[in-house]
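K.L.:
sequence plus predicted model, see below.
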Amino acid sequence: YDMSSSYSAMLPHIIGSNIIKSANPFEDFLKGTNLSLEMQSIIHSTLLTSIGENFMQWEINEHMMPKASTYKIENETEKFLEYQWRPVVTDDEICQKILLMVKDVTEETQLKASNIEKEETMAILLQSISLSDLEYADFINYASRYLDEARIHFNAYKNGNDNSEVSSILRPLHTFKGLARNYGFMDISANIHIMETKIVDSARHSSKLSLIWDSINIEQSITRIININRDLLKRDVTKKLPISVEKLQEWSSEMTGIMQQHKNPRIAVEVDKKIELSRLQKLAIDIEKTYKKTLLQIIEKDIEALNVMAKKLNKPAPLVLLQGDIPFLDENIHLPIKDAFIHLLRNSIDHGIESPAIRTNLGKTDFGQITIELKDTEDTLYLRYFDDGVGIDCKKIRQIALTKGLLHADELKMKSSLELAMLIFMPGFSTRNSVSEISGRGVGLDRVRSIIQEYGGSITLKLLNDDVSASSNFTPIAFEIVLPKDGIKTISAAI
């Protein structure tokens, strides 16, 4: 086929006069587009099998023709073009020619892209403003850790160097998804959910994973958040501990006063020691607050996010109670704490706490209650976590374990209720029949156990009612976590 000498006067302005004058103008035009060689081959095949044949042949294959592409003439600016393909049919319904209408939509496309970018920038800006400087810094640092971990496992698995299952990729991604949701970056959370689904599907069908990570560029999204905060809000993620001059002056004045009193012989020694000890303790606490955090400070955003998740699930927001000691935690232990509660809190609102109607019928309040108990011992930090929901369904756990081939029927018969309950920590185990953005991957509790063990800790279950009646297969549970005490200092809850 040849390009007709009859063409619009505007065409040279769109694709360039040199192309039209060339020996193979249509071929040269296609070379200037971003259409793949495969797509160019489809164009050629469709045109060759349609021209000179009954127009029905064209109608069968018309849907395969491209509707748009970019186009660049040598070193000129890239253009955005839209295409409409129309058959020129004779009276006897033979397709004589194909009319290609080319429309330059560069300005329109750029304007749309600019508006979309402005809207996305505004959305990121508004969400970032809602976060304090420390909350923003926490989000970026946690996000970077999760992405780095996921990338390492992704590359190893893709290249065949990782003997573990695909869950090694999903664990940090799933945690990051919860983090993004809890800090209000819903687009990132949704994109990670899409990435999770593609990774699972690719692994299931033994497909290549090479294009998945690049097609949903989460790292680029985080970079954009960092750039917007740096350029528009003047935030620096490295400045995690902003200490005002006034605060430093206050501490200096306090220390000076203590030293002066200590040198004054007219003050009784015992009284002086008590005053000095009390004020030094208070001063030490103030200093610790600048580089350590309490449990509440670490998981505050995750607790707040329960309101959003509860609304999606048509449940009232639960009441969260923190009881016991108030330890200040060094930064090196923040990550396992953060990881654990991202998943545990989500698990409670989605799996444990019943719907308002069911709770009312059971004589409970329509809203659930989550309790976190803390106890600081000499060597460890002890956390006990439970909700007042229905608990776990031991019968369903047994059925799932049997269906998935995790254990043989004879083995399951020998398992106690507690041993069955512990199966929820296994990779890929979920009592959900379908996957949602909140749960269903079967990697949440697996992640909790793996990250706590990685930091030298342990997590176990305790059945709050070991007597599973015949009328109900459910039993309430508590998660008991032990973490090493390195860097932890406890103060009285009254301070």
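P.N.:
In hand now; what should we look at?
K.L.:
where are the low-confidence patches of the stretch 251-400 of the chain?
P.N.:
Counting by pLDDT under 70, the stretch 251-400 of the chain has low-confidence residues at 251-291.
K.L.:
tell me how far the host helix or strand of Leu179 is from the chain's mean position?
P.N.:
If you go by DSSP states H and E, Leu179 is part of helix 167-182. With C-alpha atoms, centre = their mean, to the nearest Å as the basis, helix 167-182 stands 5 Å off its chain's centre.
K.L.:
other SSEs contacting it?
P.N.:
Helix 167-182 is packed against helix 133-158, helix 186-204, helix 295-312, helix 334-347, helix 444-454, with contacts defined by 3 or more C-beta pairs under 8 Å, 6 or more residues apart in numbering; DSSP states H and E. From N, CA and C alone the C-beta is placed, and that goes for glycine too.
K.L.:
which of those helices sits closest to Asp376?
P.N.:
Checking these against Asp376 by C-beta to C-beta gives helix 295-312 as the closest, at 10.8 Å.
K.L.:
which residue ranges form the strands in the stretch 201-350 of the chain?
P.N.:
319-324, 326-328 (DSSP state E, counting those that start in this stretch).
K.L.:
so of these, which one's packed in deepest?
P.N.:
Among these, ranked by average contacts under mean count of other C-beta atoms under 10 Å, first place goes to strand 326-328 (a mean of 19).
K.L.:
neighbouring strands for that one, and are they parallel or not?
P.N.:
strand 489-491 (antiparallel) (DSSP bridges).
K.L.:
what pLDDT, on average, does the partner strand get?
P.N.:
Strand 489-491 shows a mean pLDDT of 45.
K.L.:
got it, and stretch 419-435?
P.N.:
On average, stretch 419-435 scores 73.
K.L.:
sorry, back to before: for Lys67, which of the strands of the stretch 201-350 of the chain is the nearest?
P.N.:
Using C-beta to C-beta, those put strand 319-324 closest to Lys67, at 51.7 Å.
K.L.:
what's the closest one in contact with?
P.N.:
Strand 319-324 is contacted from outside by 295-296, 303, 306, 367-375, 493, using C-beta atoms under 8 Å, 6 or more residues apart in numbering.
K.L.:
turn those residues into a markdown table, including secondary structure.
P.N.:
Shown next, in a markdown table, are the contacts of strand 319-324 (DSSP: H, G, I helix; E, B strand; the rest coil):
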| residue | secondary structure |
| --- | --- |
| Leu295 | helix |
| Leu296 | helix |
| Ile303 | helix |
| Leu306 | helix |
| Phe367 | coil |
| Gly368 | coil |
| Gln369 | strand |
| Ile370 | strand |
| Thr371 | strand |
| Ile372 | strand |
| Glu373 | strand |
| Leu374 | strand |
| Lys375 | strand |
| Ala493 | coil |
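K.L.:
can you pick the most crowded of those?
P.N.:
Gly368 (24 neighbours; other C-beta atoms under 10 Å).
K.L.:
how about it: what's its closest non-neighbour residue?
P.N.:
Ile353 (3.3 Å; C-beta to C-beta, 6 or more residues apart in numbering).
K.L.:
quick check: phi and psi on that neighbour?
P.N.:
phi -80, psi 130 (degrees, to the nearest 10).
K.L.:
likewise Leu35?
P.N.:
Taking degrees, to the nearest 10 as the convention, Leu35 sits at phi -70, psi 140.
K.L.:
give me the spatial nearest neighbour of it, chain neighbours excluded.
P.N.:
Closest to Leu35 by C-beta to C-beta, 6+ apart is Ser69, at 5.1 Å.
K.L.:
which residues does the one you found bridge with?
P.N.:
Applying DSSP bridges, one finds that Ser69 bridges with Leu81.
K.L.:
Leu81 is in contact with that one, correct?
P.N.:
Yes. Shown here, Ser69 and Leu81 form a contact pair, counting by C-beta atoms under 8 Å, at 5.9 Å.
K.L.:
name the residues contacting each of the two.
P.N.:
Thr33.
K.L.:
what about those two, which has more around it?
P.N.:
Leu81 (21 against 17).
K.L.:
isn't the more buried one up against Val102?
P.N.:
Yes. Counting by C-beta under 8 Å, Leu81 touches Val102, with 5.6 Å between them.
K.L.:
tell me which of the helices and strands packed on helix 167-182 sits most buried.
P.N.:
The stretch of those with the highest mean neighbour count (mean count of other C-beta under 10 Å) is helix 334-347, at a mean of 23.
K.L.:
quick check: what element follows that one along the chain?
P.N.:
Following helix 334-347 toward the C-terminus (DSSP H and E): helix 356-361.
K.L.:
may I see the buried residues of that next one?
P.N.:
Using 16 or more other C-beta atoms under 10 Å as the test for burial, helix 356-361 gives Pro356, Arg359.
K.L.:
just the mean pLDDT for stretch 107-114, thanks.
P.N.:
78.
K.L.:
for Lys293, see how far away Leu134 is.
P.N.:
9 Å (C-beta to C-beta, to the nearest Å).
K.L.:
Leu483 too?
P.N.:
14 Å.
K.L.:
re earlier: so which of the helices and strands packed on helix 167-182 is nearest Thr33?
P.N.:
helix 186-204 (27.3 Å).
K.L.:
can I get that closest one in PDB, CA atoms only?
P.N.:
Presented in PDB, the C-alpha positions along helix 186-204 are these (Å, rounded to 0.1, in the frame of the first residue of the first chain):
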ATOM      1  CA  MET A 186      -4.600   6.400  50.300                       C
ATOM      2  CA  ASP A 187      -3.300   6.500  46.700                       C
ATOM      3  CA  ILE A 188      -0.100   4.800  47.700                       C
ATOM      4  CA  SER A 189      -2.000   2.200  49.800                       C
ATOM      5  CA  ALA A 190      -4.200   1.500  46.800                       C
ATOM      6  CA  ASN A 191      -1.300   1.100  44.400                       C
ATOM      7  CA  ILE A 192       0.500  -1.200  46.800                       C
ATOM      8  CA  HIS A 193      -2.600  -3.300  46.900                       C
ATOM      9  CA  ILE A 194      -2.500  -3.500  43.100                       C
ATOM     10  CA  MET A 195       1.100  -4.500  43.200                       C
ATOM     11  CA  GLU A 196       0.500  -7.200  45.700                       C
ATOM     12  CA  THR A 197      -2.200  -8.700  43.500                       C
ATOM     13  CA  LYS A 198       0.000  -8.600  40.400                       C
ATOM     14  CA  ILE A 199       2.900 -10.300  42.300                       C
ATOM     15  CA  VAL A 200       0.600 -13.000  43.600                       C
ATOM     16  CA  ASP A 201      -0.900 -13.600  40.200                       C
ATOM     17  CA  SER A 202       2.500 -13.700  38.500                       C
ATOM     18  CA  ALA A 203       3.900 -16.100  41.000                       C
ATOM     19  CA  ARG A 204       0.800 -18.300  40.700                       C
END
